[in-house]
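**Q** Below: sequence and its predicted model.
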Amino acid sequence: MIKTHKVYKIKIVFFNLTMKNLFLVLFLIHFSSYANNCNDAVKEIYQNIITSIGNNSLYPPELHFSDETRSVAYMSSKGITIEQKTIDLFCGEDNFEDKIAYIIAHELAHFYLEHSWTSNTGLSYASSIGEFLEGSSIEDLLKTKKRDESQADLYAGFYGQIAGYNTLGFGEIALTEVYESYKLPKELNGYPSFDERIEILNSRIRKANDLALLFELGNVFLKNKNYNSAKYCFLFILKSKFNSREIYNNLGLSFLLFGVSISDKPISNLVYPLFIDQQTRAEVNSTRSGSFSYNPQEMILEAQKLFNRALALDTSYKPAKQNLIVSDFLLETTQKGRGNFVKSLEASNIDSEFITDFKVINAVLEKRKPKKINKLALKGSYISRMNASNYNSTQVSIISSDEVLKRLNIDLMELLMGSGGKKIKGTHYNVKMMGKIQVIEGKKITVFKIPRKLIEASFTAQEQVVFHRTAKGIYYVYNN
């Protein structure tokens, strides 16, 4: 009885304690789980932005979390550190990912742009930098800092958007919350003031948006077989001092696809397992351009240089590796050479579907019997099946351009004669809105970004093949 009584009393005490603290325990468990989820999200955001930067020529910095509460986030010899207080500040808020992405992308920008003044200071947000740069006046330091902050925000805005985050759009809100939470003074010796930081940030929003739009346009033009327009977009980004493996890869594709399009048949009629980064496999169509060379081999060799530039930034970058294999195959001009090339692929550890795609292409070029080609194509990707069924890349559209514009309620005369919008600085593109449709006007091409619901309500599934889908939207390309 004593034992039973003691047990009973213990149970009662435990029960009472549980009732009194149940809410607190559940809250702590929930909060801990929520914080862990936010930290996991930060790790994912960090990796996504590094991937979008696509520059492994510098070993990517490691991400660290800190329980300190004085520096927000900073770059050091150990990598990029973000304080837990900063994560908790945004955790659970609307646009948590965008705000954290701004903080992370900004610090990564300092790393990749090699702004040496930030290294090992641990004070990129919270204190003066004057003591870390000896022999320079405060005025010189401030000028350098403003320049670097401007570069970092533009860099963060462009690559953040490619990674899928509206970094600069929520940069001001993020900075405001950080300054308030950390009780940072609005003026720091040798460092841009809070107001100057906001001014710098906002001044880069449009430029970052323009560059991200040009990257998207370049991808759309590749899909639409406007190779010269694609080349123009990617070159403009590179000339703006933004280089990444994706940009070099896709620029290389503009040369390679054009080279294929001007090659003799059946080379120009076949589809190849090429990859547009952030897109899909590319198809080829005959086209003409005023700025490319009309020598297919020259175009393919130029493409190879660009694919190798992409690999110089990231030696493990699969799309450029795969596109190089395609270009190597296309440089083989004899049946024996192509046959030996395919045999060399079979001896490698490359994906079997990819190898079969080349087998089918080679079989078509060798004019083997359709029955054998069809049987072989069953082991390949959809590209093999397209080539086996005598895919004709010059197929007639099932719906005319005029009909597309009519259903979208776009008046062509109003479009051509209308004004307004904003010019992408340094380019011949103008951007404006017509209702819910974004219009990007060029000299000879107009691109429409159309809401998905509008397309689904106005076009059948079969008719929708005339539109180009990307991760950021659905586009229609109209030749003026």
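**A** Received, thanks.
**Q** Strands of the chain, residue ranges please.
**A** Here the chain has its strands, by DSSP state E, at 63-66, 73-76, 79-83, 422-423, 430-434, 437-441, 445-450, 468-470, 473-479.
**Q** Please identify the pairing partners of the second one and their relative orientation?
**A** Here the strand partners of strand 73-76, with direction, are listed using DSSP bridges: strand 79-83 (antiparallel).
**Q** Equivalent analysis for the fifth one, please.
**A** Strand 430-434 sits in its sheet next to strand 422-423 (antiparallel), strand 437-441 (antiparallel), going by DSSP bridges.
**Q** Name the nearest residue to G157, sequence neighbours excluded.
**A** Nearest non-adjacent residue to G157, counting by CB to CB, 6 or more residues apart in numbering: A208, 2.7 Å away. The C-beta positions use only the backbone N, C-alpha and C, and glycine is treated the same way.
**Q** Can you say which of the strands paired with strand 430-434 is nearest to K43?
**A** strand 437-441 (33.2 Å; CB to CB).
**Q** now what about that closest one, what contacts it?
**A** By CB atoms under 8 Å, 6 or more residues apart in numbering, the residues outside strand 437-441 that reach it are 213, 217, 408, 410, 415, 421, 429-433, 446-451, 454.
**Q** Of the strands paired with strand 430-434, which stretch is the most buried?
**A** strand 437-441 (a mean of 19; mean count of other CB atoms under 10 Å).
**Q** need the contact list for R204.
**A** S150, D153, L154, G157, L168.
**Q** With D153 instead?
**A** H106, A109, L168, G171, I200, L201, R204, A208.
**Q** Relative to Y74, which of these is nearest.
**A** Nearest to Y74 among these, counting by CB to CB, is H106 at 10.7 Å.
**Q** which one is the closest one nearest to, not counting chain neighbours?
**A** Once flanking residues are discounted, H106 sits nearest to A156: 4.6 Å by CB to CB, 6+ apart.
**Q** can you pull the pLDDT of the one you found?
**A** A156 is assigned 91 on the pLDDT scale.
**Q** and it, how many neighbours does it have?
**A** Counted by other CB atoms under 10 Å, the residues lying close to A156 total 28.
**Q** That one contacts F170, doesn't it?
**A** No. Contact between A156 and F170 fails when scored by CB atoms under 8 Å: they sit 11.4 Å apart.
**Q** list the residues that contact both of the two?
**A** Shared contacts of A156 and F170 (CB under 8 Å, 6+ apart): Y102.
**Q** Stretch 143-152: which residues count as buried?
**A** Across stretch 143-152, burial judged by 16 or more other CB atoms under 10 Å covers T144, K145, K146, D148, E149, S150, Q151, A152.
**Q** Now do the residue minimising distance to the centre of the chain against T51, distance only.
**A** The centre of the chain sits closest to I162, judged by CA atoms, centre = their mean, with a distance of 3.1 Å. Distance, I162 to T51, using CB to CB, to the nearest Å: 9 Å.
**Q** now do K369
**A** Counting by CB to CB - K369 and T51 are separated by 45 Å.
**Q** Give me the more crowded residue out of these two.
**A** More neighbours surround T51 than the other of K369 and T51, with 17 against 9 (other CB under 10 Å).
**Q** For that one, list the residues it contacts.
**A** With contacts defined as CB under 8 Å, 6+ apart, the neighbours of T51 are A163.
**Q** swap in the one 5 residues further on?
**A** With CB under 8 Å, 6+ apart as the criterion, the residues that contact N56 are R245, L313, D314, T315, S316.
**Q** Buried by neighbour count, from the contacts of strand 437-441: which ones?
**A** By 16+ other CB under 10 Å, the contacts of strand 437-441 give 213, 217, 408, 410, 415, 421, 429-432, 446-450, 454 as buried.
**Q** The closest residue to L330 other than its chain neighbours: how many residues sit nearby?
**A** Using CB to CB, 6+ apart and skipping the chain neighbours, the partner closest in space to L330 is I300 (5.4 Å). I300 has 22 neighbours, counted by other CB under 10 Å.
**Q** give me phi/psi at the closest residue to G160 other than its chain neighbours?
**A** Distance criterion CB to CB, 6+ apart; nearest residue to G160, sequence neighbours excluded, is T167 at 3.2 Å. Per-residue torsions, T167: phi -60, psi -50 (degrees, to the nearest 10).
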